[in-house]
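>>> Sequence first, then the predicted structure, then my questions.
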Amino acid sequence: MSKSESFFGDIRKHLMTGVSYMIPFVVPGGILIAIGFAIGGIYVYDTPGFGADIFAWGKVAMGLMVPAMAGYIAFSIADRPGIAVGFIAGMLAENQGSGFLGGIVGGLLAGYIVKALKQIKVPDMVKSLMPVLFIPLVGTFIVGLGMTYVLGGPAAWLNNAMLNLLNNMGETGGVLLGLIQGAMLAFDMGGPVNKAAYAFALAAADGNNWAPMAANFIASMSPPAGIALALVLFKDKWTKVEREGVGGCVIGGLAMITEFAIPYAAADPLHVLPATMVGSGVGAALSYVFGLTLTAPHGGLFVIPLANKPFVWLLVFAVSIVVTAGMLFILKPKVTESQEKALSL
Amino acid sequence: MKIVAITSCATGIAHSYMAAEALRKAAKELGDEIRVEVQGAMGIENRLTDEQIVEADIVIWAVDVNVRDKDRFDEKNVIQLGPNEVIRDAKKILSDIKANLSKS
């Protein structure tokens, strides 16, 4: 079997798996809720009609966010038998109000309990009863005890404390949070650090606070967009091959696929990463300062009409791009002839 | 040598494919035969057959997230790393693995 990693490396992988499977639930959830509001007004849930129906679909999708995450955290730990118990743990967390944090705790609990139950040796005769009867039943029973009587309370308290802190954060707090969040998002461009920051925005969204998501969009879109601007403006700082990638960077910038910036960061991380991190950090901080929110968890420029102030959002995005490109101008040295040759081979 | 690999990242839309491409390119340059299964957001692409897995000299998982149907690899010695490492320098990683293999 595979070479085992460290315990914390494993946990990180399990959480990433959970987030990975959760995203397709949050996307229709957030966007349909926003469309519902747009059609039915701010009291859409009290006014029956097509808007209310769309709102209801979005609500269901959002409601599955935490269960899906917990289910697939448990899947990552215990493989297939973990899914059901993990989903149940996540639904318990959702119902008891421990939200995202409760879902993480529940998913881990379910995963490790099922993993332990799988180790129990039984005679061949009853082996087939393990996955269909024993593991889901006993697993759910233990997870229920753990979530209801032990972990659920503290997790709910922590989750609410986090959301309260976020909701009552002043301007200074917002700037600080934005700088950190933006720098993390730009640090590895779609890698684990980026996903950790994204998970934070999702956790806040689960608690109905969409301010971190607005900042998330700006900080995720500005690295490729800022590099695209620098590719056009500062031609002598890039090789010919690099400059040919400008189309990809523009698309990446508009569609919120930070990954398009990776080749540029990989070729010259010491100069490119500080530039994108500063650009994204400034953009995210400004997003908090202007009180921007955005009720969609993904989709780039196509969902910007869902922002509370679309034009201010675009303005902050533009600032973030210009700062990224400006930092590249300052930090990045000109391409030497030998580099041009080496890279064009 | 015969190599099989699985690539998978958190979102499953970019790194998974970039890692797969990097591995294919590196294997080609080193003269190895490689099959890469991508477990992305669209599901499993280029699924490895049991035969390919049995015959493989080297099994690589370049993954950030849990591998699906991992019991297929129960009998194999799996080398596990992150997709980013592979994207950065697949050729060096493959050469190192091969060097280690020939030592033991």
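Everything's here; your move.
>>> Now do the SS call for the closest residue to B:Leu48 other than its chain neighbours.
In space, B:Leu48 comes closest to B:Glu37 once its chain neighbours are excluded; the distance is 4.7 Å by C-beta to C-beta, 6 or more residues apart in numbering or on different chains. Glycine gets a C-beta too; all of them are placed from N, C-alpha and C. On the three-state scheme (DSSP: H, G, I helix; E, B strand; the rest coil), B:Glu37 is labelled strand.
>>> from what I can see B:Glu37 touches B:Ala5, true?
Yes. The pair B:Glu37 / B:Ala5 is scored as a contact, 7.2 Å apart, by C-beta atoms under 8 Å.
>>> Comparing those two, which residue is more hemmed in?
B:Ala5 (26 against 23; other C-beta atoms under 10 Å in any protein chain shown).
>>> How much space separates that one from chain A?
Computed as C-beta to the nearest C-beta, to the nearest Å, the B:Ala5 to chain A distance reads 13 Å.
>>> which residues touch the longest helix seen in chain B?
Secondary structure of chain B per DSSP state H: the longest helix is helix B:83-103. With C-beta atoms under 8 Å, 6 or more residues apart in numbering or on different chains as the test, helix B:83-103 has contacts from A:188, A:191, A:262, A:266, B:1, B:3, B:7-9, B:15-16, B:18-19, B:22-23, B:25-27, B:29-30, B:32, B:57-58, B:60, B:62-64, B:79, B:81.
>>> What residues sit buried inside that helix?
Residues of helix B:83-103 classed as buried by neighbour count (16 or more other C-beta atoms under 10 Å in any protein chain shown): B:83-84, B:86-87, B:90, B:93-94, B:97-98.
>>> and which of the residues you listed is nearest to A:Ala84?
In terms of C-beta to C-beta, no member of the buried residues of helix B:83-103 lies closer to A:Ala84 than B:Pro83, at 28.8 Å.
>>> pLDDT value on the closest one, please?
In this model, B:Pro83 is scored at 90, pLDDT.
>>> A:Glu244 now?
87.
>>> Check A:Leu108 too.
As predicted, A:Leu108 sits at a pLDDT of 96.
>>> ok, now how distant is it from B:Lys103?
38 Å (C-beta to C-beta, to the nearest Å).
>>> How much space separates the residue nearest to B:Leu48 from B:Ala56?
Relative to B:Ala56, and taking C-beta to C-beta, B:Glu37 is found at 11 Å.
>>> Quick check: neighbours shared by those two?
B:Val4.
>>> for the closest residue to A:Pro131 other than its chain neighbours, phi and psi?
Closest residue to A:Pro131 apart from its sequence neighbours, by C-beta to C-beta, 6+ apart: A:Pro81 at 5.4 Å. With angles defined as degrees, to the nearest 10, A:Pro81 sits at phi -60, psi -20.
>>> what residues are up against A:Pro81?
A:114, A:117-118, A:131, A:135-136, A:139.
>>> so A:Gly178 makes contact with A:Leu292?
No. Contact criterion C-beta under 8 Å: A:Gly178 and A:Leu292 do not qualify, at 10.3 Å.
>>> what do those two both touch?
A:Ala215.
>>> Let me know the secondary structure of the residue nearest the centre of chain A.
For chain A, the residue sitting closest to the mean C-alpha position, by C-alpha atoms, centre = their mean, is A:Tyr198 at 2.7 Å. Following three-state DSSP, the label given to A:Tyr198 is helix.
>>> Once you drop chain neighbours, what's closest to it?
Leaving aside its sequence neighbours, A:Tyr198 sits nearest to A:Asn216 (C-beta to C-beta, 6+ apart; 6.2 Å).
>>> Might you enumerate the residues of chain B proximal to chain A?
By C-beta under 8 Å from any C-beta of the partner chain, the residues of chain B that approach chain A are B:9-15, B:18, B:41, B:61, B:63-66, B:70-71, B:73-74, B:78-80, B:82, B:84, B:87-88.
>>> Mark which of those are buried, thanks.
B:9-12, B:14-15, B:18, B:41, B:61, B:63-66, B:73, B:78-80, B:82, B:84, B:87.
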